[in-house]
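**Q** no sequence on hand, only this structure:
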């Protein structure tokens, strides 16, 4: 998330422009790190919600074996998106 993104979101949340102008460079860096962590947390929550939805379909009684295997591959692919790359 860029500083411009943070400013846009802060404005949407009702922060006045002058507040953002008072922040030191260190405060901006901390805010950017916090925003990145918050964005990743949100993405993780969304991935897990998707996994749960796909697993529910995969485990439905009417899902045949071929569809089940394909859906489990989707679950694995979604989970891989959240893994940290070296």
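**A** The structure has been received and is ready for your questions. The structure displayed is predicted, hence computed values, not measured ones.
**Q** now for the worst-scoring helix or strand of the chain on mean pLDDT, which elements pack on it?
**A** The least trusted helix or strand in the chain, going by mean pLDDT, DSSP states H and E, turns out to be helix 17-21, with a mean of 80. Here helix 17-21 is seen to pack against helix 3-12 when contacts are counted using 3 or more C-beta pairs under 8 Å, 6 or more residues apart in numbering; DSSP states H and E. All C-beta spots, glycine's among them, are computed from the backbone N, C-alpha and C.
**Q** which strands and helices sit next to the helix it packs on?
**A** Applying 3+ C-beta pairs under 8 Å, 6+ apart, we find helix 3-12 packed against helix 17-21, helix 25-58.
**Q** the last one relative to helix 3-12, how many degrees between them?
**A** By that I understand helix 25-58. Angle of helix 25-58 versus helix 3-12, following axes from the mean of the first three to the mean of the last three C-alpha atoms, to 10 degrees, is 80 degrees.
**Q** flag every buried residue along helix 25-58.
**A** Neighbour counts over helix 25-58 (16 or more other C-beta atoms under 10 Å) mark 31, 35, 51, 54, 58 as buried.
**Q** what ranges in this protein fall below the confidence cut-off?
**A** The chain contains residues with pLDDT under 70 at 84-86.
**Q** separation between the spatially most central residue of it and residue 49?
**A** In the chain, the centroid-proximal residue (C-alpha atoms, centre = their mean) is residue 43; its distance is 1.2 Å. Between residue 43 and residue 49 the computed distance is 11 Å (C-beta to C-beta, to the nearest Å).
**Q** then residue 10?
**A** For residue 10, the distance to residue 49 equals 27 Å [C-beta to C-beta].
**Q** same question, residue 76
**A** Residue 76 is 16 Å from residue 49, where distance means C-beta to C-beta.
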